[in-house]
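Undergrad: Task: produce atomic coordinates for the following.
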Amino acid sequence: MNIRMKVLALAIVFAINLCWQNGFAAGEVVVSPMNVSDVPMGQSKTGEVSLLPEDVGDVSDEDLFGMEGGYFHPYVSISFDYTDNLYNLDDSFEDGGVENLLTTVSPGIWFALPRKKIIPVTINPNNSSPGGLQLQFKDYEGTDRFQAYALGGFDFKYYTEDSDLNKTDGLLEGMGRYNMRGGLSLQLVDRYTHGEDRLEAGSSTRNQVRQFDSNFLMATADWDITEKLRVKADYLNFALWYDDEINQFLDRVDNGFDLYGYFNYSLLTSFFLEYKFIDVAYDQSTQIDNNSHFIYGGIKWDTTEKVAMLFKVGYQNKKFDDDSIGQEDFDGIAFDLQFTYRYSEKTTMSLDMYRTNEETDNFQASDKTVIGSVFGYKQKFTDRLSGSFDFTYEDSDYSNLHTVTAEDRDDWTIDLRPAGQYLFRDWLMFELAYQYERRESTDDFFDYDSNSVIFTINLAL
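TA: As a prediction, this is how the structure comes out:
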């Protein structure tokens, strides 16, 4: 199909979305009851942005649009997500076990200069992480003198169980990088997000959805001093603010810096030391203002095309500015593992693990210590048919404010997600997935389990 037909297909889908919105607003669209978790801006649940294999073939330099090497890449994703527990509550609650079908329409466009087939960086802010990142930001390793990237997208969400939950989320993100002669590189990354916390006990509820805006910014100077020595410095700024006054106790601004010293043992292996400082300042909850110091030692290992690993382990010291409400400082181990193994051209496995002390996400706690792991498996069966399996485990140990509640709280959560993908055309992909989530807590109020079935249609150029 030529480029005009692809653009026409995207335009038709977007027009259908506009009509769909009008229909919902007028109460004319009826969908059978069912739900799903959020799908970020045209991406799959696994975070994959590109729909296409990287070896799709060459195109002429005149092609302005398209995943095959254009500057601009429009996309539309439509997902239908059925869940048997919309509000993620235990069955003992009135709203526990409520079924829903969430329809999400996600149009967007991204731009790259020089032109790229796939998005050059992945920006995944995490609201409760000090500085806004749960895992270390991966180095951009492009060799072009200059690289620019920008993406804008929306999520139009429609719930069958309660139309008052319908909403529109959005994001804007970008990167600019300049590689100078002499080994010095300068980079700026920014992401603005308008979204909401997930529906669950202690967070967003039927009557009080916690909508927020956040902005993550990172400025980096990276210098290859010699073939063996490299230094890098990051400045971090993360701002989080909530729409409703009742949730503004979570509003805060984080500022920090990150210093790295690398020794390149070989072309494929480097050792590094890292020092990071994060200052966290709350707008209203000033009693839990704090700062954290991190010291790490680590290794970055890219042995072959098959294996890539980043591992660092160290110590985190967190001190609160004020201890008048019973909060306790934190001292403990922190680590970060990011491992990828490409067994063959058709089989890839990945494992991420992390431990750190994070900011609170509820009014009862001053902070929480999180340890987690994420395992991913991808299998390509044919040129068009592929499958994936994702498993996530996370344990959150909350340090509750004993002026509010007598007992601390400890949660563990698992998430299982097998999925199958079919590449119908080089610009059109279908995905069918099943997702199981379960949380167990020392406080039964926070227990839940849910089952979801998600069907997604992705169109991209």
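
Undergrad: Report the buried residues of stretch 447-457.
TA: 447, 448, 449, 450, 452, 453, 454, 456, 457 (16 or more other C-beta atoms under 10 Å). Glycine gets a C-beta too; all of them are placed from N, C-alpha and C.

Undergrad: residue contacts, the first one?
TA: Contact partners of residue 447, counting by C-beta atoms under 8 Å, 6 or more residues apart in numbering, are 90, 439, 440, 441.

Undergrad: Go ahead and confirm the second one touches residue 415.
TA: In other words, residue 439. No. With contact defined as C-beta atoms under 8 Å, residue 439 does not reach residue 415; the gap is 9.5 Å.

Undergrad: What's the mean pLDDT across the host helix or strand of residue 74?
TA: Assigned by DSSP states H and E, residue 74 belongs to strand 72-83. The average pLDDT within strand 72-83 is 97.

Undergrad: elements contacting it?
TA: The helices and strands touching strand 72-83, judged by 3 or more C-beta pairs under 8 Å, 6 or more residues apart in numbering; DSSP states H and E, are helix 3-26, strand 100-113, strand 448-460.

Undergrad: and the angle from it to strand 100-113?
TA: Computed by axes from the mean of the first three to the mean of the last three C-alpha atoms, to 10 degrees, the angle separating strand 72-83 from strand 100-113 equals 160 degrees.

Undergrad: picking up where we left off before, which one of the buried residues of stretch 447-457 is nearest to residue 431?
TA: Ranked by distance to residue 431 (C-beta to C-beta), the buried residues of stretch 447-457 are led by residue 456 at 4.4 Å.

Undergrad: Can you add distance to residue 184 and pLDDT and give the buried residues of stretch 447-457 back as a markdown table?
TA: Shown next, in a markdown table, are the buried residues of stretch 447-457 (distance: C-beta to C-beta, whole Å; pLDDT from 0 to 100):
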| residue | distance to residue 184 | pLDDT |
| --- | --- | --- |
| 447 | 52 | 96 |
| 448 | 50 | 97 |
| 449 | 52 | 96 |
| 450 | 49 | 97 |
| 452 | 47 | 98 |
| 453 | 50 | 99 |
| 454 | 45 | 99 |
| 456 | 42 | 98 |
| 457 | 44 | 98 |
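
Undergrad: from those, which is closest to residue 308?
TA: Using C-beta to C-beta, residue 456 comes nearest to residue 308 of the buried residues of stretch 447-457, at 27.5 Å.

Undergrad: contacting residues for that closest one?
TA: Neighbours of residue 456 in contact, by C-beta under 8 Å, 6+ apart: 39, 44, 77, 78, 79, 80, 430, 431, 432, 433.

Undergrad: now do residue 201
TA: Applying C-beta under 8 Å, 6+ apart to residue 201 gives the contacts 88, 89, 90, 93, 445, 446, 448.

Undergrad: Before we move on, what's the pLDDT of it?
TA: Looking at residue 201, its pLDDT is 89.

Undergrad: Just want to check the distance between the closest residue to it other than its chain neighbours and residue 225.
TA: With C-beta to C-beta, 6 or more residues apart in numbering as the criterion, residue 201 has its nearest non-adjacent residue at 5.0 Å, and that residue is residue 446. According to C-beta to C-beta, to the nearest Å, residue 446 and residue 225 sit 50 Å apart.

Undergrad: Count residues in the vicinity of the residue lying closest to residue 307 once chain neighbours are set aside, would you?
TA: Nearest non-adjacent residue to residue 307, counting by C-beta to C-beta, 6+ apart: residue 341, 5.6 Å away. Neighbourhood size, residue 341 [other C-beta atoms under 10 Å]: 13.

Undergrad: Which among the contacts of residue 201 count as buried?
TA: If you count burial by 16+ other C-beta under 10 Å, the buried members of these come out as 88, 89, 90, 446, 448.

Undergrad: Pretty sure the first one sits in a helix.
TA: So that's residue 88. No. Counting by DSSP: H, G, I helix; E, B strand; the rest coil, residue 88 is not part of a helix but coil.

Undergrad: how about it, what does it touch?
TA: The contact partners of residue 88, taken as C-beta under 8 Å, 6+ apart, are 198, 199, 200, 201, 437, 439, 448, 450.

Undergrad: mind listing which of these are in helices?
TA: Judged by DSSP state H, the subset of the contacts of residue 88 located in helices is empty.

Undergrad: which one of the residues you listed sits closest to residue 283?
TA: Set against residue 283, the nearest of those by C-beta to C-beta is residue 198 (22.6 Å).

Undergrad: where does this structure have low pLDDT?
TA: Residues of the chain meeting the criterion pLDDT under 70: 1-69, 402-406.

Undergrad: In it, which residue is most central in space?
TA: For the chain, residue 124 is the residue whose C-alpha lies nearest the centre (C-alpha atoms, centre = their mean; 3.6 Å).

Undergrad: So residue 164 belongs to a helix, correct?
TA: Yes. Residue 164 sits within a helix when classified using three-state DSSP.

Undergrad: State the number of residues packed around it.
TA: Residues near residue 164, counting by other C-beta under 10 Å, number 10.

Undergrad: mind listing the strands for the stretch 251-400 of the chain?
TA: 252-264, 269-282, 290-301, 307-320, 330-344, 347-359, 365-380, 385-400 (DSSP state E, counting those that start in this stretch).

Undergrad: can you list the ones you listed in a markdown table and add distance to residue 113?
TA: Listed next are the strands of the stretch 251-400 of the chain as a markdown table, based on distance: least, C-beta to C-beta, whole Å:
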| stretch | distance to residue 113 |
| --- | --- |
| strand 252-264 | 27 |
| strand 269-282 | 29 |
| strand 290-301 | 28 |
| strand 307-320 | 26 |
| strand 330-344 | 27 |
| strand 347-359 | 29 |
| strand 365-380 | 29 |
| strand 385-400 | 30 |
